[in-house]
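*Asks:* Prediction below, plus the sequence it came from.
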Protein chains: 2
Amino acid sequence: MLFHTLLRAFGRMRQVMDGYFAQYGISGPQWAVLSILHRAEQEGKSSLRLTDLGQRLLIQPPSVTGVIDRIERQGLVRRLASQTDLRSRHVSLTDQGRQLVERVLPGRAQQIRSLFAGLSEPERAGLTSTLEKLESQLGQLASDAARTVRTKGPEPAEE
Amino acid sequence: MLFHTLLRAFGRMRQVMDGYFAQYGISGPQWAVLSILHRAEQEGKSSLRLTDLGQRLLIQPPSVTGVIDRIERQGLVRRLASQTDLRSRHVSLTDQGRQLVERVLPGRAQQIRSLFAGLSEPERAGLTSTLEKLESQLGQLASDAARTVRTKGPEPAEE
DNA sequence: GTAATTTAGTTAGCGCACAAACTTGTTAGG
DNA sequence: CCTAACAAGTTTGTGCGCTAACTAAATTAC
């Protein structure tokens, strides 16, 4: 049962990673935001719009609002007004947030390595390439499914 | 980025499958309960305890309570008292629930096939075996992590 | 230049996961 | 026995995802 196996493996991985982030008082989704802001900083952008953040996280606007609310309350992040667009708000790391990211990062890499420690190098490579292929095809399928909420037996992916 | 790729692929899959179940007015987790009860029936058990259900679903007791509450309200499932243990409650499919399962099942198989339609047979086989290996190792790692909420650089999985 | 549309973000309300604390019933130990 | 420990479920409160509906600002259309 491929689908079921993937479901279980994924659940386990999240469990392990969430446990790691919890040591620093943050959740997985909160980490995702912090790390994206950190990477943006290194690319020269000191802040991002909420919308851009949502696109990178693959989540909808209301979910972004919620996550940002919580890490802002913790003082890890700050909302700033945009000069050019009064609707828009930018988010940037506070000093405290930046320091947290830098404390979390090295151990996180370790943790991810340990997740896949049981696999050989060729296995890891095969998994990566297969998953990438899978994901690109699921992209269309997902957007199809979002619209088609009636048909019973669709046969979209042919190749 | 293996971890990230897996995360994205999984998110897409859930999106597609949830869309399918939504056509029948139920969610993914609700389907999981119904299908487990259906399989149990075919193995001769007309009902399961909430605890057993939780173990098969890999979710905690309060989550089971919630999902059952909602599908019981929809009339798909029924809570029954146990003869042998007054604390325990059993859950079984109603006629309506059983009929729903039988309507959903065939299309679901189709849907799962279409998820993986972009992969060749050897790719599917490789993915399955790698994921199974991965999952078995993550089992211990997850239970370790649940206890170890202090150490920074664990090196558990060696082989 | 005003009206209609689109875009950015939030609010409201729901589903589903969790941990912690609780109730009630069962089992073990003295 | 009767108390202590354990087990089955539920309640409470939180996080995070969603859709639908909203406010306010920007853009486009006319």
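*Replies:* All right, it came through fine.
*Asks:* And the pLDDT for A:Gly11?
*Replies:* Model confidence at A:Gly11, given as pLDDT, is 83.
*Asks:* Let me know the distance separating the closest residue to A:His38 other than its chain neighbours from chain B.
*Replies:* Excluding its sequence neighbours, the residue lying closest to A:His38 (CB to CB, 6 or more residues apart in numbering or on different chains) is A:Val101, at 4.5 Å. Quick note: C-beta positions are derived from backbone N, CA and C, even for glycine. For A:Val101, the distance to chain B equals 15 Å [CB to the nearest CB, to the nearest Å].
*Asks:* State the phi and psi torsions of A:Val101.
*Replies:* Main-chain dihedrals, A:Val101, degrees, to the nearest 10: phi -60, psi -40.
*Asks:* burial of it, as a residue count?
*Replies:* Neighbour count of A:Val101, defined by other CB atoms under 10 Å in any protein chain shown: 21.
*Asks:* A:Gln84 in helix, strand or coil?
*Replies:* Residue A:84: Thr, not Gln. Look at A:Thr84: counting by DSSP: H, G, I helix; E, B strand; the rest coil, its state is coil.
*Asks:* count of residues packed around it?
*Replies:* 5.
*Asks:* got the buried residues for the helix or strand hosting A:Val33?
*Replies:* Per DSSP states H and E: A:Val33 is located in helix A:28-42. Neighbour counts using 16 or more other CB atoms under 10 Å in any protein chain shown place A:29-34, A:36-38, A:40-41 of helix A:28-42 among the buried residues.
*Asks:* Ok, stretch A:87-94 next?
*Replies:* Neighbour-count burial for stretch A:87-94, counted by 16+ other CB under 10 Å, picks out A:89-93.
*Asks:* Just name the closest of those residues to DNA strand D, please.
*Replies:* A:Arg89 (10.9 Å; CB to the nearest atom of the strand).
*Asks:* who touches the closest one in this structure?
*Replies:* Contact partners of A:Arg89, counting by CB atoms under 8 Å, 6 or more residues apart in numbering or on different chains, are A:49-50, A:79-82.
*Asks:* Bridge partners for it, pull those for me.
*Replies:* A:Ala81 (DSSP bridges).
*Asks:* Just confirm A:Val91 is within a helix.
*Replies:* No. Checked against three-state DSSP, A:Val91 lies outside a helix; its state is strand.
*Asks:* Could you pull up the contacting residues of it?
*Replies:* A:33, A:37, A:47-50, A:53, A:68, A:77-80.
*Asks:* Could you chop chain A up by domain?
*Replies:* A:2-115, A:120-146 (automatic domain parsing).
*Asks:* closest to B:Ile59 out of these?
*Replies:* In terms of CB to CB, the element of the domains of chain A nearest to B:Ile59 is domain A:2-115, at 9.3 Å.
*Asks:* do that closest one and DNA strand D meet?
*Replies:* Yes. Domain A:2-115 reaches DNA strand D (CB under 7 Å from any atom of the strand) through A:27-30, A:57-63, A:66-67, A:70, A:85-87.
*Asks:* from the middle of its chain, how far away would that domain be?
*Replies:* 7 Å (CA atoms, centre = their mean, to the nearest Å).
*Asks:* cool, stretch A:133-140 as well?
*Replies:* 17 Å.
*Asks:* Quick check, pLDDT for A:Glu135.
*Replies:* Confidence score, pLDDT, at A:Glu135: 82.
*Asks:* phi, psi of it?
*Replies:* According to degrees, to the nearest 10, A:Glu135 has phi -60, psi -40.
*Asks:* From what I see, it and B:Arg8 are in contact.
*Replies:* Yes. A:Glu135 lies in contact with B:Arg8 (CB atoms under 8 Å); the separation is 5.3 Å.
*Asks:* A:Ser114 and DNA strand C, how far apart?
*Replies:* 20 Å (CB to the nearest atom of the strand, to the nearest Å).
*Asks:* part of a strand, is that residue?
*Replies:* No. Read with three-state DSSP, A:Ser114 is helix and lies in no strand.
*Asks:* how deep is it tucked in, by neighbour count?
*Replies:* Neighbours of A:Ser114 (other CB under 10 Å): 22.
*Asks:* how much space between the residue nearest to A:Arg49 when sequence neighbours are not counted and A:Gly97?
*Replies:* Closest residue to A:Arg49 apart from its sequence neighbours, by CB to CB, 6+ apart: A:Ser88 at 5.4 Å. Per CB to CB, to the nearest Å, A:Ser88 is found 20 Å from A:Gly97.
*Asks:* cool, A:Leu6 as well?
*Replies:* Taken as CB to CB, the span from A:Leu6 to A:Gly97 is 33 Å.
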